[in-house]
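Student: Next input, structure requested:
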Amino acid sequence: MSTRDVDRIELLQGTLDLLILRTLLLGPLHGHAIAKSIERNSEDVLAVEQGSLYPALHRLLKRGWISSEEGTSENNRRAKFYRLTAKGRRQLRAESAKWERLARAIGRILRPAGEEGRL
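Tutor: Residues are numbered from 1 along each chain as shown. Sure, this is the predicted structure:
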């Protein structure tokens, strides 16, 4: 394990679902590309393990938030491509609003008014 691996953070289930939905907002991608996009866009802070990614994709498919179709990847291999559905777009809006409320609430606890810089 490299030092860089120690600094990476594994994602909680609900958070991973949200990040997958947000990633697919840009267009259809196969599983490996979804994971790499999340990692790259987080500047390699967030780690997306296959053991978490594929169960999350199956869960999102079952809920109707994403759909899938067979295709060919950029390296000419068969791959399943995932696409955000209309139901998934609605869920993304709802989950994003919840996440923003949660982040603000945690921020208020970590940095109470008048106590900035005391950590």
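Student: per-residue confidence at the residue nearest the centre of the chain?
Tutor: Among the residues of the chain, the one closest to the centroid is L19, at 2.0 Å (C-alpha atoms, centre = their mean). Looking at L19, its pLDDT reads 96.
Student: Contacts only, for the nearest residue to it once chain neighbours are set aside.
Tutor: Distances taken as C-beta to C-beta, 6 or more residues apart in numbering put I38 closest to L19, at 5.1 Å, once the chain neighbours are dropped. Bear in mind the C-beta positions are built from the backbone N, C-alpha and C, glycine included. Neighbouring residues of I38 by C-beta atoms under 8 Å, 6 or more residues apart in numbering: 19-20, 23, 46, 48.
Student: residue ranges with poor pLDDT in the chain?
Tutor: Within the chain, the segments meeting pLDDT under 70 span 1-13, 114-119.
Student: Mind jotting down where the helices sit in it?
Tutor: With DSSP state H, the ranges of helices along the chain come out as 3-6, 13-24, 31-41, 50-63, 86-110.
Student: So which of those helices is the most surrounded?
Tutor: A comparison of those by mean neighbour count, using mean count of other C-beta atoms under 10 Å, puts helix 13-24 on top with a mean of 20.
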